[in-house]
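**Q** What follows is a predicted protein model with its sequence.
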Amino acid sequence: MSLLARQRQELILEQVRERGAVRVSDLAERFGVSDMTVRRDLDVLARRRLVDKVHGGATAVGPVAASTDEPGFAVKSGRQQEEKEAIAEAAARFVEPGTAIGLSAGTTTWALARRITDVADLTVVTNSMAVAEVLHAARRPDRTVVLTGGIRTPSEALVGPVAVAALRSLNLDVVFLGVHGMSAASGFTTPNLMESETDRALVEAGQRLVVVADSTKWGTAGISTIAELSEADVLVTDDGLDDDARAVLEGEVDQLVLAPARG
């Protein structure tokens with residue numbers, strides 16, 4: 001039996017609150033309706049300020065204040081999957097054979113790690129066990145993976161003084177940084193104070209900084225700033241970024257890359 005619109009919207013809202021984010025395509029398949037029907041449902045919920053619409057779906061309405069909330073890796077990996085894969089594909093073009101790179105912890109950098117398993121003669125430094133596992137699984141004899149060590153966070157990052165000390169002794173060609181949020185006022189941010197310190201040490205170890213962040217991160221501010229917008233040599237995001245955000249970022253970062261995402 002088909003659901004009434006109101007019943008369907010209540011179920012969508014329940015799923016958003018449970019998972020933090022939903023995708024139009026997944027909802028359409030679950031309820032046996034068209035993408036357009038789902039988008040109308042999301043419009044209704046957004047007008048009631050119960051969800052925030054984003055490219056390809058919707059997210060839970062977030063707090064306006066700087067956030068210390070840190071979802072786990074499994075939760076975050078389910079959000080904006082198509083956008084993250086598109087960003088990873090675009091960012092992989094900045095990884096060249098024979099270089100030493102840094103990959104911060106995060107689900108977007110994890111997607112990037114899966115895209116660079118065939119790059120030859122690569123040294124990768126990371127504070128992410130998930131990233132290290134992907135690269136070790138490729139079993140390339142010309143690949144060196146350096147895991148910093150440290151204290152594990154809910155997002156599967158290794159942080160703290162051990163990680164910071166390891167990073168401060170290294171010199172990297174390019175650092176790829178995933179972030180919790182980005183805004184004109186706060187720059188690139190995280191909700192975890194120790195992760196912020198570790199990420200800053202990773203940024204300082206690199207000659208170039210490539211930030212990888214989907215468009216839903218714009219306007220979100222974690223409690224601690226990792227880097228100012230102007231410190232990014234490249235920002236790779238998806239084409240769901242709105243015009244106002246694009247104008248701000250084009251004035252701050254050296255190169256803005258908008259990866260086309262389906263949804």
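**A** Now that the structure is in, tell me what you want to look at. Residues are numbered from 1 along each chain as shown.
**Q** quick one: the strands in the stretch 1-150 of the chain?
**A** Using DSSP state E, counting those that start in this stretch, the strands of the stretch 1-150 of the chain run over residues 21-23, 51-54, 57-60, 100-103, 122-126, 143-147.
**Q** Can you add mean neighbour count and give those back as CSV?
**A** No exception for glycine: its C-beta is placed from N, CA and C like everyone else's. Listed next are those as CSV, based on neighbours: other CB atoms under 10 Å:
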stretch, mean neighbour count
strand 21-23, 23
strand 51-54, 20
strand 57-60, 22
strand 100-103, 25
strand 122-126, 23
strand 143-147, 17
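**Q** So for Ala184, which of these sits nearest?
**A** strand 51-54 (18.4 Å; CB to CB).
**Q** how far out from the middle of the chain is that closest one?
**A** 17 Å (CA atoms, centre = their mean, to the nearest Å).
**Q** what's the answer for stretch 124-137, then?
**A** 16 Å.
**Q** Over to stretch 217-224?
**A** Counting by CA atoms, centre = their mean, stretch 217-224 comes out at 12 Å from the chain centroid.
**Q** for stretch 144-163, same thing?
**A** With CA atoms, centre = their mean, you get 17 Å for stretch 144-163.
**Q** send the alpha carbons of that stretch over as CSV?
**A** Presented in CSV, the C-alpha positions along stretch 144-163 are these (Å, rounded to 0.1, in the frame of the first residue of the first chain):
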residue,chain,number,x,y,z
THR,A,144,55.5,3.3,2.0
VAL,A,145,52.8,4.0,4.5
VAL,A,146,53.6,5.9,7.7
LEU,A,147,50.9,5.8,10.5
THR,A,148,51.5,8.5,13.1
GLY,A,149,50.2,6.7,16.2
GLY,A,150,48.2,8.5,18.9
ILE,A,151,44.9,8.5,20.6
ARG,A,152,41.9,7.4,18.6
THR,A,153,38.9,9.7,18.2
PRO,A,154,35.2,8.8,17.3
SER,A,155,36.1,9.7,13.7
GLU,A,156,38.9,7.1,13.7
ALA,A,157,41.6,9.8,13.7
LEU,A,158,44.9,9.3,15.7
VAL,A,159,45.6,12.5,17.6
GLY,A,160,47.5,14.0,20.5
PRO,A,161,51.2,14.6,21.3
VAL,A,162,52.5,11.4,19.8
ALA,A,163,50.9,12.1,16.5
